[in-house]
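Student: have a look; sequence and predicted model below, questions after that.
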Amino acid sequence: MITAVLVLGGAGLVLGAGLAFVAVKIAVPPDERVAAVRAVLPGANCGACGFPGCDGMAAALVKGEAKPEGCTAGGPATAEAVARVLGLEVSVGERLVVAVHCVGSNEKARRSYEYLGIDDCRAAAIMPGGGPKACSYGCVGLGTCVKVCPFDALSMDPVAGLPVVDRDKCTGCGICTHECPKNILALVPASQPTFVACRNVEKGPQVRKVCSAGCIACGLCVRSCPQKTISLVNNVAYIDPSGCDGCGTCVEKCPTKCIVATREVPVVQAV
């Protein structure tokens, strides 16, 4: 018995030593660039890039399986830093931020019923009518976008019942846009001065029945825009950001005030 134990033990030691020797011989040294790239990533581990956290993104970047601008959370500065580490050229576009395309507040949007279910917009949206609001296109108002934002860039206005964006904190990662069941959250260029905060594609009278702030496709903004950058698409006004100079005429003319200015509108002096 003792002899058998000694033989087996000796064989185990020999095999173990052999495996350790082989492991050392065939080991692939870690690519130092992975650590260098990881160091310039924001570390939010938000997953918006499509990889399992910043470690996964760093490995993919070194392997050429991802692009420097793929880290939307880090924005242009991170893309440029990654490109420097890897010796690449990168074309960085304008910074994006999220915009809330709904102004149907608790005061302005009619409710069909009181929702007492799970405190989650996605759960409420599968209820009859697409949720408690009579407007099936409007914000559900339960703050799921706020809960999923990894950068604390969203909060809920307790009076209006709508999300509020902190544009300084927003990284444009897009996580909230994917989680919103009504698609009222969308990424827009940070410099875009105005946008239409409504998604309701119904005719004007139908919109009026459910929300006093919805776009009624009256066309006043289209006709009054000096730059001619506004058009009606599926009964909703659309502003082409490439031509908008932020003059504020559309904001002033809109009868339901669903056109939102992202910065202070200039005051036009009467001549």
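Tutor: Structure received. Numbers count the residues shown, from 1 in each chain.

Student: skip the chain neighbours and tell me the closest residue to residue 204.
Tutor: Leaving aside its sequence neighbours, residue 204 sits nearest to residue 216 (Cβ to Cβ, 6 or more residues apart in numbering; 3.5 Å). The way it works is simple: take the backbone N, C-alpha and C, and place the C-beta from them, glycine included.

Student: residues contacting that neighbour?
Tutor: 204, 207-208, 255-256 (Cβ atoms under 8 Å, 6 or more residues apart in numbering).

Student: would a markdown table of those with pLDDT and secondary structure be doable?
Tutor: Converted to a markdown table, the contacts of residue 216 look like this (pLDDT from 0 to 100; DSSP: H, G, I helix; E, B strand; the rest coil):
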| residue | pLDDT | secondary structure |
| --- | --- | --- |
| 204 | 93 | helix |
| 207 | 96 | helix |
| 208 | 96 | helix |
| 255 | 96 | coil |
| 256 | 96 | coil |
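
Student: top of those by neighbour count?
Tutor: When neighbours are counted by other Cβ atoms under 10 Å, residue 207 leads the contacts of residue 216 with 25 neighbours.

Student: any idea how far that one lies from residue 170?
Tutor: The spacing between residue 207 and residue 170, counted by Cβ to Cβ, to the nearest Å, is 28 Å.

Student: how far does stretch 153-172 sit from the chain's center?
Tutor: 12 Å (Cα atoms, centre = their mean, to the nearest Å).

Student: in it, what's buried?
Tutor: Buried positions in stretch 153-172, judged by neighbour count with 16 or more other Cβ atoms under 10 Å: 153-154, 156, 160-163, 165, 170-172.

Student: over to stretch 209-223?
Tutor: Here stretch 209-223 shows 210-217, 220-222 as buried, counting by 16+ other Cβ under 10 Å.

Student: what's the end-to-end length of that stretch?
Tutor: 25 Å (Cα to Cα, to the nearest Å).

Student: lowest-confidence helix or strand of this structure?
Tutor: helix 2-26 (a mean of 56; mean pLDDT, DSSP states H and E).

Student: after that one comes which helix or strand?
Tutor: Using DSSP states H and E, the helix or strand that follows helix 2-26 in sequence is helix 32-40.

Student: okay, helices next: where are they in the stretch 51-200 of the chain?
Tutor: Ranges of helices within the stretch 51-200 of the chain are 53-63, 75-86, 121-124, 144-148, 175-179, based on DSSP state H, counting those that start in this stretch.

Student: who does the longest one touch, helix- and strand-wise?
Tutor: Same thing as helix 75-86. If contacts are counted by 3 or more Cβ pairs under 8 Å, 6 or more residues apart in numbering; DSSP states H and E, helix 75-86 sits against helix 32-40, helix 53-63.

Student: ok, and what's touching the shortest one?
Tutor: I take that to be helix 32-40. 54-55, 58-59, 61-62, 78, 81-82, 85-86.

Student: how close does the nearest residue to residue 37 once chain neighbours are set aside sit to residue 64?
Tutor: In space, residue 37 comes closest to residue 58 once its chain neighbours are excluded; the distance is 4.3 Å by Cβ to Cβ, 6+ apart. Per Cβ to Cβ, residue 58 is found 13 Å from residue 64.

Student: from residue 43, how far out is the residue most central in space within the chain?
Tutor: Centroid check for the chain by Cα atoms, centre = their mean gives residue 174 as the closest residue, at 1.8 Å. According to Cβ to Cβ, residue 174 and residue 43 sit 18 Å apart.

Student: what about this structure, any weak spots by pLDDT?
Tutor: 1-31, 264-271 (pLDDT under 70).

Student: quick check: the residue lying closest to residue 54 once chain neighbours are set aside vs residue 208, distance?
Tutor: Spatial nearest neighbour of residue 54, chain neighbours left out: residue 41 (4.3 Å); criterion: Cβ to Cβ, 6+ apart. If you measure residue 41 against residue 208 using Cβ to Cβ, the figure is 48 Å.

Student: same check, this time on residue 237
Tutor: 16 Å.

Student: swap in residue 242?
Tutor: Residue 242 is 31 Å from residue 208, by Cβ to Cβ.

Student: what of residue 189?
Tutor: Counting by Cβ to Cβ, the gap from residue 189 to residue 208 is 31 Å.

Student: next up, the contacts around residue 234.
Tutor: Contacts of residue 234 (Cβ under 8 Å, 6+ apart): residue 201.
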